[in-house]
Every structure is written in C-alpha cells, then in structure tokens.
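Trainee: can you look at this prediction? I've put the sequence above it.
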Amino acid sequence: LRRLLSGPSLANPTSEKMVESGAAEIKKYQTYSINVDPNQDDKATEVRLLNFKRPHMRAFHCSWFCFFTAFFIWFAIAPLLAEIKITLGLTKKEIWTSNICSVAGTIFLRFVNGPLCDKYGARIPMSIILVFASIPCACTGLVNSATSLAVLRFFIGFGGSTFVMCQYWTSRMFTKEVVGTANALVGGWGNLGGGVTQLVMGSMLFPLFKTGMSAEMAWRTVCIVPAVVGFTVGVTILFISDDAPKGNYKDMKKNGTMAEVSAANSFRTGALNFNTWLLFIQYACCFGVELTMNNAAALYFREVFELTTESAAAIASIFGWMNLFARGVGGFISDKANAKMGMRGRLWWQTICLVIEGVMVLVFANTKSLGLSIFILVIFSSFVQAAEGSSYGIVPYVNPPVTGSIAGIVGAGGNTGAVAFGFGFRELSYYSAFMLMGACIIASGALSLFVCIKGHAGLVTGQDSEEAIAAWKKLGGAPAPSATLAVPEPDAEAAEEVEKD
C-alpha cells in the first residue's frame, strides 16, 4: 500500500529522479518519472497513485476519471425517475423500458470499441464517446413522453462503452506484473461514479435546484451539470494525455515504431474463442447486476419502504460506493490465488464470488427490514464488484494479442445482462425479479467448469503448462513481483495474424 500511495518524497529519493527509457529512439519521451521496462515497450513497472505525470500515471488518472464521468452522465437520470414518473404519468413498465434502453445503447459500442482501441488507442475513442453522450444528457429537460425518455436514455447509454477504453488504456501503460492492479483500480474507481451520481444528483443537486423552482423544473434542468462536466472532460483529455508510453498511435505508426493492426481480424479472433463467451455470461451476472441495481435501487427503496426521493437515492448510492475498494480487492485476491494455484485459483475465486453474490440477492429479496436490507445490500454489492475484478483478472489470459477485442466483448456481456435483468424487473414484481436474478447468478458460477484456456489448468481438470507453472510459482530465478496480474506474452504467430490487413 505504501508503494502504491507514495509519490516523490525524501523517504524515497529514487522516485524523484527521471528514469531513462532505454536506448534513444523516435518517441515522445526519453525519460520518465517512474520506473519502466524497456523490454515491455516502456510500460511502467509500478503504480504511484500520487503521481500525475505523463505518460503513465496521467493516463491512469485520466482513465478512471473519464469512466467515472461517463457514469455521472449515464445514470444522472436514475435517481430522478420517481419524479419523472409522476410528472409524465408513466407506468412501471414504461420506466423499465427506459432503463433497458439506457444499458442497451452501449452493447454494440462495447463490441466495436475493443478493435478500435487495438487500432487507434484509447484516448481518442474515449474523448469522442464522452462528448457525444453529453449532448443527449443536456437534453433531458426536453423529455415529454415515455418514448422520448427511452430514446434519450438509449443515446446517453453510449457513455457506458467507455469501460473498454478505460481497461485498454491502463493495459497499454503498465507491465504484465502490475496491470492487474492498475485495471482493477481504474475499473473500480470508475464504477464508483454510479454511487456518487445517486448521491450527488438525487440527494444534493436535485434538492438544491428545487429550492428555487418546482420539482418538475428541477429535474428538467439539473442534468445540464453532468452534461457540462462530461463535455469538458472529453475535450480536455485530448490535450493532456497520451495513447502509449512512447507517444500517440498516429505518431508511432508514422515513425515506424508501431505496426498497423486490423480491427476486423482482432475482433474475429477474439469472438471465435469459446472462453470469451463464457466470461461474457459471467460478466453479465456481475456488472449486469450492478447496472440493474443502479437503475432499480432508488425506485425499490422509495416504493417498497416508502422513502423520499432524496433518502432513497442516498441509500441506493451505497451500492456504488462499494466500488471504492471491492473491485480492487476482487482483483487482488484473484492475483493472490493465481500466485498459489495458477489459473485454477483465479477460477475458484471467480466461482466463489458469483455464488455468494447470487445467494445475497436471494436473501435481499426476502428481507423486509430497512436496516437489514441496507446491511445485505453492502455484502451483495461487495461480491458483485469483487466478481467484476476477478473477471478481468482472467480476461488477459484468453488470447493476449487480441485482449482489446476480448475485453470489449466481455464488457458487452455486462450490458447484455442488464438488458435481460431489466426485462425481468419490467414484467415481474420486485420479489420475483430478484429471485430470478439470484438464480441466474448462481448458475453462472457453474460455467467456470467449462473455462479452458490454452496452457492453463481448468477449475477441476487439466494441468498448467511448464511455462505457466514457472510464471505463477516464479521459478527460474526471476525476481518475485508484487501480487499483481501476470499477463502471458503473446506468441509470434498469433500476433502476426492480428496485424494482417
């Protein structure tokens, strides 16, 4: 922890010096403020949370903050739905149709963004999506029917696809020894935006706006705030960050320091791997559940326990606040399990998280006390996000040369799950919908039995290759890195296939 938090200080004088990036070559930076590995494309070998310098840690902080901002845009309406329902006279089905549209909008883009990141880097797609999603968010006040609400939320939902860029960006900046920790942190802190949005929009900004105007005028104008924030952040990152340690993709390709990548081949290779789709389903049952709860929690507590909009939003925000630590802990324990048992350890932890998550959903559905419901919500949320962190501890092993495409497909699973569960909440009572969701989550845990990654042991069958054993047991005299993700190196044949036009 000290290592993560430490920045330049007298107690650690080496952190102040500029680290040589290796032999002189055509690249944007010849020296860096943190330690790098010239053999891994000048990627950083450490994560310093209090360091904001370019290119590594600037990209780290831009990554999580952009994803956080995307959540601020994406779910700004969610805590206001009770008010919108009253103003427009909407039914429960119409509200849930809009919820489904809000998460459906990003499914296609998550599939597309992975290959685009492989080809263009994360910075430019991140900027474009944030700017675009800000526009419909600013138009929230123009909503006048169930149809216009659903259409508006569909386009706002495009912001959710920034998750792919969030994960790809840090993967491009950090070595295989620390990328697991980096990905878990930026993913978790970005998801935290869901909880903060519930609190800021429902319990702070909405009441503030309501002091000088009617409740209807307040919800029609308050969404301008996240829209302005999103647009500003989207434009700013173009000028203050980099695509990769050695600069931006456009310049690297021009200088011959980066090969051209075929986005189509990258996507095809990732999509034809059976493990990708197993993780797609499991991610649907963790991140899909989180998205569903972001839409459902405030409404659930307001209607079932008859709370005010402000109180319901404050309680609902607890679910998202668990991202402050839970996703990172999930990735960290996955790394620890890998250090002891290899891929089998990661798969067992993934299964445990999903099963406990499912059980907690069933318990939550049967809890009638407000205080106990909040307590169960905290446990439930913690395992949802731990499963998310665990999922992306496995993703980079599936086929390393096309990690961007696989990350995009698996990420789309989260939104697909949210759409499926959204239909459940739309058609069923809260109790039946929660019971159905819990059963699906528990069943998804069993899919770990069928995950079979080349060179690695499965949950109960198969054996690790000698290379894999040497990696997770740290044999061969290699220095033992901290407990973080070790992404296998891509084989030359696979890498050559991806680079073909």
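Mentor: Perfect, thanks for sending it.

Trainee: count the residues that sit near the nearest residue in space to Leu279 that is not next to it in sequence.
Mentor: Nearest non-adjacent residue to Leu279, counting by C-beta to C-beta, 6 or more residues apart in numbering: Val410, 4.8 Å away. To be clear about C-beta, it is placed using only N, CA and C from the backbone, and glycine gets the same treatment. As a burial measure, Val410 scores 30 neighbours (other C-beta atoms under 10 Å).

Trainee: so how far is Phe209 from Val410?
Mentor: Using C-beta to C-beta, to the nearest Å, Val410 is found at 38 Å from Phe209.

Trainee: what's the neighbour count on the closest residue to Ala314 other than its chain neighbours?
Mentor: In space, and not counting its chain neighbours, Ala314 is closest to Ser203: 4.6 Å by C-beta to C-beta, 6+ apart. Ser203 is flanked by 22 other residues according to other C-beta under 10 Å.

Trainee: tell me the pLDDT of Ser203.
Mentor: pLDDT for Ser203: 81.

Trainee: repeat for Ala133
Mentor: pLDDT at Ala133 comes out at 95.

Trainee: show me what contacts it?
Mentor: Contacts were defined as C-beta atoms under 8 Å, 6 or more residues apart in numbering; by that measure Ala133 touches 70, 73-74, 155-159, 230.

Trainee: so which helix or strand takes in the residue nearest to Leu279?
Mentor: Per DSSP states H and E: Val410 is located in helix 403-427.

Trainee: what comes up buried for that helix?
Mentor: By neighbour count on 16 or more other C-beta atoms under 10 Å, the buried set for helix 403-427 is 403-422, 424-426.

Trainee: ok, now how distant is the nearest residue to Val233 once chain neighbours are set aside from Val131?
Mentor: Take Val233 and drop its neighbours on the chain: the residue closest to it by C-beta to C-beta, 6+ apart is Thr69, 4.8 Å away. Distance of Thr69 to Val131, given as C-beta to C-beta: 11 Å.

Trainee: again, but for Arg110
Mentor: Applying C-beta to C-beta to Arg110 and Val131 gives a distance of 18 Å.

Trainee: could you do Asn191 as well?
Mentor: Noted for Asn191: a distance of 21 Å to Val131, by C-beta to C-beta.

Trainee: okay, the two: which has more neighbours?
Mentor: Asn191 (29 against 17).

Trainee: surely that one touches Trp74?
Mentor: No. Between Asn191 and Trp74 there is no contact under C-beta atoms under 8 Å: 10.9 Å.

Trainee: quick one, longest helix in this protein?
Mentor: helix 370-398 (DSSP state H).

Trainee: helices or strands up against that one?
Mentor: Secondary-structure packing of helix 370-398 (3 or more C-beta pairs under 8 Å, 6 or more residues apart in numbering; DSSP states H and E): helix 179-197, helix 274-284, helix 287-304, helix 309-321, helix 326-341, helix 343-365, helix 403-427.

Trainee: got the buried residues for it?
Mentor: Buried-residue list, helix 370-398, by 16+ other C-beta under 10 Å: 373, 376-377, 379-398.

Trainee: and if you look at stretch 305-323?
Mentor: By 16+ other C-beta under 10 Å, the buried positions in stretch 305-323 come out as 307, 309-323.

Trainee: give me the phi and psi angles of Val460.
Mentor: Dihedral angles of Val460 (phi, psi; degrees, to the nearest 10) stand at phi -130, psi -10.

Trainee: now do the same contact list for it.
Mentor: By C-beta under 8 Å, 6+ apart, the contact list for Val460 reads Leu449.

Trainee: cool, and Tyr249?
Mentor: Tyr249 sits next to 119-121, 243, 258 when contact means C-beta under 8 Å, 6+ apart.

Trainee: want to throw the residues you listed into TSV with pLDDT and distance to Ala264?
Mentor: Below are the contacts of Tyr249 laid out as TSV (pLDDT from 0 to 100; distance: C-beta to C-beta, whole Å):
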residue	pLDDT	distance to Ala264
Lys119	83	10
Tyr120	87	14
Gly121	89	17
Asp243	90	21
Met258	72	18
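
Trainee: circling back to that earlier point, mutual contacts of Thr69 and Val131, please.
Mentor: Common neighbours of Thr69 and Val131 (C-beta under 8 Å, 6+ apart) are Gly230.

Trainee: so who does Phe65 touch?
Mentor: 189-190, 233.

Trainee: same check on Phe305?
Mentor: Residues counted as contacts of Phe305 (C-beta under 8 Å, 6+ apart) are 312, 370, 373.

Trainee: shouldn't the first one be in contact with Ala298?
Mentor: Yes. Between Ala312 and Ala298 there is a contact under C-beta under 8 Å: 4.6 Å.

Trainee: give me the common contacts of these two.
Mentor: Taking C-beta under 8 Å, 6+ apart as the contact rule, Ala312 and Ala298 both touch 79, 82, 202.

Trainee: show only the entries of those residues found in helices.
Mentor: In this view, the shared contacts of Ala312 and Ala298 that belong to helices under DSSP H are Ala82.

Trainee: could you turn the buried ones of the shared contacts of Ala312 and Ala298 into a ChimeraX selection?
Mentor: Applying 16+ other C-beta under 10 Å to those, the buried members can be selected in ChimeraX as follows:
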select :79,82,202
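
Trainee: quick revisit: a markdown table for the helices and strands packed on helix 370-398, including mean pLDDT?
Mentor: Converted to a markdown table, the helices and strands packed on helix 370-398 look like this (pLDDT from 0 to 100):
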| stretch | mean pLDDT |
| --- | --- |
| helix 179-197 | 83 |
| helix 274-284 | 95 |
| helix 287-304 | 87 |
| helix 309-321 | 83 |
| helix 326-341 | 85 |
| helix 343-365 | 95 |
| helix 403-427 | 88 |
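
Trainee: of those helices, which is nearest Ser448?
Mentor: Closest to Ser448 of the helices and strands packed on helix 370-398 is helix 343-365 (C-beta to C-beta; 4.4 Å).

Trainee: check which helices and strands that closest one is in contact with.
Mentor: Secondary-structure packing of helix 343-365 (3+ C-beta pairs under 8 Å, 6+ apart): helix 326-341, helix 370-398, helix 430-445.

Trainee: is it possible to export those helices to TSV including distance to Phe65?
Mentor: Listed next are the helices and strands packed on helix 343-365 as TSV, based on distance: least, C-beta to C-beta, whole Å:
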stretch	distance to Phe65
helix 326-341	16
helix 370-398	18
helix 430-445	30
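
Trainee: right, and the helix or strand after the helix or strand encompassing Val235?
Mentor: In this assignment (DSSP H and E), Val235 forms part of helix 224-240. The helix or strand immediately downstream of helix 224-240 is helix 249-255, counting by DSSP H and E.

Trainee: which helix or strand lies directly C-terminal to that following helix?
Mentor: Next along the chain after helix 249-255, taking DSSP H and E as the criterion, comes helix 263-271.

Trainee: for that next one, what is the average pLDDT?
Mentor: The average pLDDT within helix 263-271 is 83.

Trainee: what about the residue nearest to Ala314, distance to Asn294?
Mentor: In this view, Ser203 and Asn294 are 15 Å apart by C-beta to C-beta.

Trainee: and for Val186?
Mentor: Relative to Asn294, Val186 is positioned 19 Å away (C-beta to C-beta).
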